[in-house]
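>>> Kindly generate the corresponding structure for this input.
(one chain, ligands or ions: 1)
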Amino acid sequence: MKLTLVAGARPNFMKIAPIIRAIEKSILQGSNIQYRLVHTGQHYDDALSLSFFQDLNIPKPHVNLGAGSGTQSEQTASIMIAFEKELIANPVDTVLVVGDVNSTLACSIVAKKLCVDVVHVEAGIRSGDRTMPEEINRLVTDAISDHFFTTTQEAGANLVKAGIAVEKIHFTGNTMIDSLIQNQSKFAPPSLLYMNNLRGGDYIVLTLHRPANVDSIEKLQQIVNAIAKGATSTTIVFPVHPRTRKNLNALKLNTELIVTDPMRYLEFMYLIKHSKGVVTDSGGIQEETTYLGIPCVTLRDTTERPETVMIGTNELIGSSSEKVTHFIGKLVNGEWKKGSIPDLWDGKTSDRIIAKLLELYL
Ligand code: UD1
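Next comes the predicted model:
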């Protein structure tokens, strides 16, 4: 089986790392798999890319397409142009894409137009919010993929509703949780904890990068003020995504806020695991906090990961000041629900995916 694996942006790296590990294991056991790892270059800063390759032990990509930033269409188009050349020069049976970023969409379209099978890992999740670029990426990728690996039964049900044949849907679990479980013993305290004399449970972690929350200075200021009000004297640690940085520099900041650059995986996961709770608009962090049993407040109106709210530790609250302050207050006072871990989030998802791919393509 000849396979191209696509990774382009930060959340892809945690999903692709355990798949590569499962492939290597399967090759050692005698399977006939050849793979190429393609980095699209959507994320290029060391803090969003190289450090993840190092922390997660991902081999150097066979190629980096160097797509870089741009508008939605510019970025998608430059990935498509470069990936078409890559796939023509290095033909394979199957392209495996993960998640819902622009690289996922761009490479799926290119592969299908070259009549190459596409398998989508983390297929079928839906927020229902078509103003999010990720939702468009999910809808289009799932409309043209050949096989669908899902994190939950609900994601499979979404695919069935969209007319996908059940035999193409494979409920295998969550590869991001594979990464978490495989690396848990290596989580390492970031130096900012010592520098600020912070211990486990002393602080909350904030991450924000959705355009709706960070692209306007007024909106960002309103959110940060509401969080600071709810947190009262609890310290907030805020690793800042480059997208957010520009507008953050223009804000008047509360002194309890510790602003820092994006963190490497092993340090960020340590920070989360030992926090009082997390406030975020990320997708993946909703899943990681659910697995770790850490309270999570999600500043969005919708989520494509409803299991994290229904059975996990997540509360989806939107971004109005009153709600933000109220829920952060509850979080810092320890008034939070206890969650449990969704089915098949057990660290063995990537092994199941590779076993299924061998069954399908060998
Ligand atoms: C992308 C994904 C999002 C994911 C997020 C995680 C899409 C549509 N969005 O959003 O789903 O949650 O990654 O980080 O694919 N930039 C840098 N250095 C980099 C990369 C980006 O400075 O290495 C800056 C650029 O100014 C760029 C901006 O960040 O314009 C946004 O980057 P982009 O890749 O367009 O989207 P993200 O917001 O990172």
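>>> Now for residue 273: which residues touch it?
If you count contacts by CB atoms under 8 Å, 6 or more residues apart in numbering, residue 273 has them with 187, 292, 294. Any C-beta I mention is one placed from the backbone N, CA and C, and that applies to glycine too.
>>> try 10 Å this time
180, 184, 187, 200, 288, 289, 291, 292, 293, 294 (CB atoms under 10 Å, 6 or more residues apart in numbering).
>>> Was I right to think the third one contacts residue 263?
Put plainly, it is residue 187. No: applying CB atoms under 10 Å, one finds residue 187 not in contact with residue 263, separated by 11.4 Å.
>>> Now do the shared contacts for those two.
Counting by CB under 10 Å, 6+ apart, the common neighbours of residue 187 and residue 263 are 55, 269, 270, 271, 272.
>>> Give me the subset of those lying in strands.
Per DSSP state E, strands hold no members of the shared contacts of residue 187 and residue 263.
>>> returning to that earlier point: between the contacts of residue 273, which is nearest residue 231?
Proximity of the contacts of residue 273 to residue 231 (CB to CB) peaks at residue 294, which lies at 15.6 Å.
>>> show me what contacts that closest one?
By CB under 10 Å, 6+ apart, the contact set of residue 294 is 204-205, 272-278, 285, 288, 312-314, 331, 336, 339.
>>> Pull out the CA atoms of stretch 349-357 and give them to me as CSV.
Coordinates of each C-alpha in stretch 349-357 appear next as CSV, following Å, rounded to 0.1, in the frame of the first residue of the first chain:
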residue,chain,number,x,y,z
THR,A,349,-7.2,4.5,17.5
SER,A,350,-4.2,4.8,15.1
ASP,A,351,-3.6,1.0,15.3
ARG,A,352,-7.3,0.4,14.4
ILE,A,353,-7.0,2.9,11.5
ILE,A,354,-3.9,1.2,10.0
ALA,A,355,-5.5,-2.3,10.5
LYS,A,356,-8.6,-1.2,8.6
LEU,A,357,-6.5,0.5,5.8
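>>> what's next to it, contact-wise?
1, 3, 15-27, 31, 33, 93-94, 96, 119, 121, 147, 149, 151, 170-179, 181-182, 344, 346, 348.
>>> Please repeat the previous calculation with a cut-off of 6 Å.
Contacts to stretch 349-357, defined as CB atoms under 6 Å, 6 or more residues apart in numbering, come from residues 18, 19, 22, 23, 26, 149, 170, 172, 173, 174, 175, 178.
>>> Take the residues you listed and lay them out in CSV including secondary structure.
Formatted as CSV, the contacts of stretch 349-357 follow (DSSP: H, G, I helix; E, B strand; the rest coil):
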residue, secondary structure
18, helix
19, helix
22, helix
23, helix
26, helix
149, strand
170, strand
172, coil
173, coil
174, coil
175, helix
178, helix
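>>> Since that was my last question, I'll sign off now.
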